[in-house]
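Q: the sequence and its predicted three-dimensional model are supplied below.
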Amino acid sequence: MEKHYRRADVEAATGLSRSTLYAMMDRGEFPRPKRIGRRAVAWSESSIVDWLAQRATA
């Protein structure tokens, strides 16, 4: 089972602020989260790792 990260964990892992994360999602530059509950979302670990890897090579 894959681990999922809530927004605060994603902010810590990427160094991006909440507003930057959502602005980048709107531009298609950051993966969108998955709904994990009625009012909760989270990002899969693989999507964050892949995004960080792409960013490192750019």
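A: Alright, I've got the coordinates.

Q: ok, longest strand in this protein?
A: Counting residues, the longest strand in the chain under DSSP state E turns out to be strand 41-44.

Q: give me the neighbour count for the closest residue to residue 52 other than its chain neighbours.
A: Leaving aside its sequence neighbours, residue 52 sits nearest to residue 14 (CB to CB, 6 or more residues apart in numbering; 7.0 Å). Yep, even glycine has a C-beta here, placed from its N, CA and C like the rest. By the criterion of other CB atoms under 10 Å, residue 14 has 18 neighbours.

Q: wait, residue 14 touches residue 48, no?
A: Yes. In this structure, residue 14 is within contact of residue 48 by CB atoms under 8 Å, at 7.2 Å.

Q: overlap in contacts, these two.
A: The contact sets of residue 14 and residue 48 do not overlap (CB atoms under 8 Å, 6 or more residues apart in numbering).

Q: returning to what we had before: buried stuff in the longest strand of the chain?
A: Residues of strand 41-44 classed as buried by neighbour count (16 or more other CB atoms under 10 Å): 42, 43.

Q: that one packs against which elements?
A: In terms of contacts (3 or more CB pairs under 8 Å, 6 or more residues apart in numbering; DSSP states H and E), strand 41-44 is packed against strand 4-5, strand 34-35.

Q: winner for burial among the ones you listed?
A: Burial of the helices and strands packed on strand 41-44 is given as mean neighbour count (mean count of other CB atoms under 10 Å); strand 4-5 ranks first at a mean of 18.
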